[in-house]
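1. Any chance you can model this:
(one chain, ligands or ions: 1)
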Amino acid sequence: MIATATTSSWLPQAASTQSQGVDPAFYGVYVVGAFAVILVAGLAMTFVRQFPRKGENERGLGDARPNVKLQAAWVLAALGVAIYAFTAGLPGFLDANAAPWMSYRVLVATSQDGYKFTYPNGHIADTLHVAINRPVRLDATTADVIHTLHAPALRLNEPVLPGRTAQAWFNATTPGTYELRSAVYGGDRYQDMRTAVVAHNPADFDAWMIRVSDVFAGRTMEQAGELLYVTKGCKTCHSIDGSKLVGPSFKNVFGHQFDTREGVRITADEAYIKESILKPNVSVIAGFEPVMTPFEGKITDKEIAGLTAYLRTLSDLGGKPAGADSTTAKPAGKEVAAVAAPAAPATPHGGK
Ligand code: HEC
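-> So this is what the prediction gives:
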């Protein structure tokens, strides 16, 4: 559950370094403001008693002269309060606006459906997990209307405006679970715009990250492949609906035949797909540039198997996947033998 423990009745529990900039300024302005209210109300009541109207024609203070010194003191005191409020809040404000260099950067996508957090390793979650004593920078965008990142315990309050990237940061100091919600009305499901920030000890955070970023946990190979398609960045160059992006569409790739730029006909079987991911520029499909990043060293065999299982589901020649664990891919011989190609032209893929 959301931690509601408070150390004072005025501000929620302070769980980030940001409270050093916010809390003293808040209390200072609060005390000065309370004093001013008591002073003004007290004086007003005293004067009402002291100078009652005595007759029909009396004009209150009569012809008493204004006391210039008192008036000047009053104006200067008010100015002093304003200057104090500004200078007390300024350091915390400036600090909150500049995330430290090398902060842990999490991308936040907000929409009326809620929050989505994307971690540096590509893991996507709907609660924000962080390690304590490590500055976290949030780069937030909204897909629809204004939302805010509002986490009182972390002294975080950042509006996220359409068409802009809002930047906020915090450095959690106390492990715990803190409420994060939107503090502006953003549609009739606004009440659902709430999630949590979970601050872990660094070791716990690393363990959590390793556990959840295992894309295969709780997923079939096909589902893991579908997720990897997004998190490994394949999506930026390969569509799944047949349309041509930088690379050929993944629709109807698996099992189909293609010509390379050298005029060699290949069959996109498991071995070829594996090679295409590890060393894409060895054989380049006709009509495309060798611009795909080689994934050698950046992807595991199991991830390739997951992606291949996913590619099968997108192909009418995909057939039955080779079982839940298709790491045991059959060593399909690579057909780079130049099949004299009079037959049907290579399946059009990539669209027009
Ligand atoms: C920078 C853009 C880019 C990214 C990112 C990218 N690719 Fe590619 N990919 C290409 C291009 C361009 C080609 C065609 C040229 C070639 O064969 O090298 C291609 C070809 C392929 C092929 C062979 C397709 C065929 O029709 O035979 C496969 C399979 C493939 N990519 C898989 C992947 C996977 C899986 C990922 C993600 C892990 C990925 N690609 C990421 C650009 C990209």
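2. Could you give the number of residues near residue 241?
-> 9 (other CB atoms under 10 Å). All C-beta spots, glycine's among them, are computed from the backbone N, C-alpha and C.
3. any idea how far the residue lying closest to it once chain neighbours are set aside is from the ligand?
-> Distances taken as CB to CB, 6 or more residues apart in numbering place residue 251 nearest to residue 241, at 6.2 Å, with adjacent residues excluded. Separation of residue 251 from the ligand (CB to the nearest ligand atom, to the nearest Å): 10 Å.
4. what about residue 251, which helix or strand?
-> Assigned by DSSP states H and E, residue 251 belongs to no helix or strand.
5. So it is in contact with residue 240, correct?
-> Yes. Proximity of residue 251 to residue 240 meets the contact threshold set by CB atoms under 8 Å, at 5.8 Å.
6. So which of those two has more stuff around it?
-> Each of residue 251 and residue 240 has its neighbours counted (other CB under 10 Å); residue 251 has more, 21 against 17.
7. Read off the pLDDT value for that one.
-> Listed pLDDT for residue 251 reads 93.
8. and residue 46, what does it touch?
-> Listed by CB atoms under 8 Å, 6 or more residues apart in numbering, the contact set of residue 46 is empty.
9. hey, what's in contact with both of residue 251 and residue 240?
-> residue 314.
10. tell me which residues of stretch 145-162 are tucked away?
-> By neighbour count on 16 or more other CB atoms under 10 Å, the buried set for stretch 145-162 is 145, 147-156, 158-160.
11. List just the nearest of these to residue 133.
-> residue 154 (13.3 Å; CB to CB).
12. Was I right to think the closest one contacts residue 12?
-> No. Contact criterion CB under 8 Å: residue 154 and residue 12 do not qualify, at 9.3 Å.
13. now, the most widely separated pair of the buried residues of stretch 145-162?
-> Checking these with CB to CB, the most distant pair is 145 and 153, at 25.3 Å.
14. Need the three-state assignment for the closest residue to residue 108 other than its chain neighbours.
-> What sits nearest to residue 108 in space, not counting adjacent residues and going by CB to CB, 6+ apart, is residue 140, at 3.8 Å. Under DSSP: H, G, I helix; E, B strand; the rest coil, the three-state class of residue 140 is strand.
15. Surely residue 140 and residue 161 touch.
-> No. Using CB under 8 Å as the test, residue 140 is too far from residue 161 to be in contact (9.6 Å).
16. which stretches of the chain form helices?
-> 19-50, 68-96, 202-212, 221-231, 270-278, 301-313 (DSSP state H).
17. May I see those helices organised as JSON lines, with distance to residue 122 added?
-> Converted to JSON lines, the helices of the chain look like this (distance: least, CB to CB, whole Å):
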{"stretch": "helix 19-50", "distance to residue 122": "32"}
{"stretch": "helix 68-96", "distance to residue 122": "28"}
{"stretch": "helix 202-212", "distance to residue 122": "11"}
{"stretch": "helix 221-231", "distance to residue 122": "4"}
{"stretch": "helix 270-278", "distance to residue 122": "16"}
{"stretch": "helix 301-313", "distance to residue 122": "11"}
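18. most tightly surrounded among the ones you listed?
-> helix 301-313 (a mean of 22; mean count of other CB atoms under 10 Å).
19. so how far is that helix off the chain centroid?
-> 27 Å (CA atoms, centre = their mean, to the nearest Å).
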